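Undergrad: I'd like to go over a predicted model; first the sequence, then the structure.
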Amino acid sequence: MSFASEIKSELLRTEVKNTCCERAELCGLILFCGAILPGGKLRISTENAGAARRGFSLIKALFGIRGELLTNTGHKGKGGTAYAISIETPGETLQILSGLSLMEAKTVSFRVRENIVEKPCCMRAFLRGAFLGGGSVANPEKEYHLEFTTPRLALAQDTVRLFSAFGLTARIVQRKASHVVYFKSSEEIGDVLNIIGASYAYMELMNVRILKEKRNQVNRRVNCESANLDKTVDAAQVQKQAIYRLQKKGKFSSMAPQLRETAEMRLAFPEAPLSEIASLLGVSKSCINHRMRKLVELSEKA
């Protein structure tokens, strides 16, 4: 099961106690996956069977209307299954839309109405329904991305304003014929999950985030140590070449005893870091570093 499916399963286990929140959740679901068909029919389509059952139950509980549950296997050539709630009678469609304040001057208006989301609990319920209808989230192991997709720009803008009431800044991008309200950071996604009531998914997200940060810290440390090792090996190679040049030019025997001692130690331990050579000679690392620079300078003049 995908992370998005796990979230929706958790949300579907949420008990809605107030009628106002039932209306708000159903409104979010219809706005994000509902459509009005010719003849005044209402069709609520989703790929999640649980979301379809939830919508069916809410319509029955709020309006006493029993819609028809439809299943379409292999829809759109994807080999998956689509589910739909169909309200066939125009009068019943009008009853539902009016009850959710989605009618304006006898015209259907796919906008978020203030009387539907006037309380924080209703705002959360609406966003829960919106996620069930048009929400998706990437596997946090791969990337951080949560989105709500709708073909209606005004609805996307209404959703952004709704999130702003919780202190969150959502963004909108157009993807073909759809408008996508999205979040890209783990902190924002975690806040969204808390708002819509997916507390277990939130904890899973935080666990993944902690593990990823630990892995990144280890990788950075390993990369840093590897880079330092490469520098040490490269520097040792330069020092050895300098010593070989001094030997070849007959300059080795005339050098100061401390330089000869250091050069011999470098040849004896060709890849040892300067700290190790300093320890073997009983001097400081800065002293050995100075001697190595002197050897290189002498070789360049030889």
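TA: Yep, that arrived.
Undergrad: Show me which positions of stretch 113-132 end up buried.
TA: Residues 113, 116-117, 122-132 are the ones in stretch 113-132 that count as buried (16 or more other C-beta atoms under 10 Å). To be clear about C-beta, it is placed using only N, CA and C from the backbone, and glycine gets the same treatment.
Undergrad: my bad, should have said stretch 90-105
TA: Of all the residues in stretch 90-105, those buried under the rule 16+ other C-beta under 10 Å are 92-97, 99-102.
Undergrad: Which ones among the buried residues of stretch 113-132 map onto strands?
TA: Judged by DSSP state E, strands contain none of those.
Undergrad: Quickly name whichever of the residues you listed is closest to Ala170.
TA: Nearest to Ala170 among the buried residues of stretch 113-132: Leu127, at 10.6 Å, using C-beta to C-beta.
Undergrad: gap between the closest one and Phe32?
TA: To Phe32, Leu127 is 10 Å away according to C-beta to C-beta, to the nearest Å.
Undergrad: Grab the longest helix from this protein for me.
TA: helix 199-248 (DSSP state H).
Undergrad: circling back to that earlier point, go through the buried residues of stretch 90-105 and flag which are in helices.
TA: Assignment to helices by DSSP H places the following of these there: 92-97, 99.
Undergrad: With pLDDT and distance to Lys176 added, can I get these in a markdown table?
TA: Output for these, formatted as a markdown table (pLDDT from 0 to 100; distance: C-beta to C-beta, whole Å):
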| residue | pLDDT | distance to Lys176 |
| --- | --- | --- |
| Glu92 | 95 | 33 |
| Thr93 | 95 | 28 |
| Leu94 | 94 | 31 |
| Gln95 | 95 | 34 |
| Ile96 | 96 | 29 |
| Leu97 | 95 | 27 |
| Gly99 | 95 | 33 |
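Undergrad: can you list the weak-confidence ranges in this protein?
TA: Counting by pLDDT under 70, the low-confidence segments of the chain come to 73-80.
Undergrad: residue contacts, the residue nearest to Cys33 when sequence neighbours are not counted?
TA: Nearest-residue entry for Cys33: Gly133, 3.7 Å, with adjacent residues in sequence omitted and distances by C-beta to C-beta, 6 or more residues apart in numbering. Listed by C-beta atoms under 8 Å, 6 or more residues apart in numbering, the contact partners of Gly133 are 28-34, 44, 46, 51.
Undergrad: again with Asp234
TA: Asp234 is in contact with no residue at all, counting by C-beta under 8 Å, 6+ apart.
Undergrad: What strand or helix carries the residue positioned nearest the centre of the chain?
TA: Nearest to the mean C-alpha position of the chain, counting by C-alpha atoms, centre = their mean, stands Tyr144 at 0.7 Å. For Tyr144, there is no helix or strand it lies in under DSSP states H and E.
Undergrad: what's near enough to touch the closest residue to it other than its chain neighbours?
TA: Leaving aside its chain neighbours, Tyr144 sits nearest to Ser186 (4.8 Å; criterion: C-beta to C-beta, 6+ apart). Taking C-beta under 8 Å, 6+ apart as the definition of contact, the neighbours of Ser186 are 140, 144, 205-206, 209.
Undergrad: Leu97 now?
TA: Residues near Leu97 by C-beta under 8 Å, 6+ apart: 42, 103, 108.
Undergrad: ditto for Arg152
TA: With C-beta under 8 Å, 6+ apart, Arg152 has these contacts: 31, 110, 179.
Undergrad: Try it again at 10 Å.
TA: Under the criterion of C-beta atoms under 10 Å, 6 or more residues apart in numbering, the neighbours of Arg152 are 31-32, 110-111, 158-159, 178-179.
Undergrad: excluding its backbone neighbours, what's nearest Ala302?
TA: Closest residue to Ala302 in three dimensions, ignoring its sequence neighbours and counting by C-beta to C-beta, 6+ apart: Lys249, at 4.2 Å.
Undergrad: Could you check how many residues crowd around the one you found?
TA: Lys249 sits with 12 neighbouring residues when counted by other C-beta atoms under 10 Å.
Undergrad: So it sits against Met255, correct?
TA: No: Lys249 is beyond contact range of Met255, at 11.2 Å (criterion: C-beta atoms under 10 Å).
Undergrad: who touches both of the two?
TA: Overlap between the contact sets of Lys249 and Met255, as judged by C-beta under 10 Å, 6+ apart, is given by Leu298.
Undergrad: Tell me the secondary structure of Ile85, please.
TA: Taking DSSP: H, G, I helix; E, B strand; the rest coil as the rule, one finds Ile85 in the strand state.
Undergrad: and it, what are its bridge partners?
TA: Taking DSSP bridges as the rule, Ile85 bridges to Ile44, Leu69.
Undergrad: Test my guess that it contacts Gly55.
TA: Yes: between Ile85 and Gly55 there is a contact at 5.1 Å, judged by C-beta under 10 Å.
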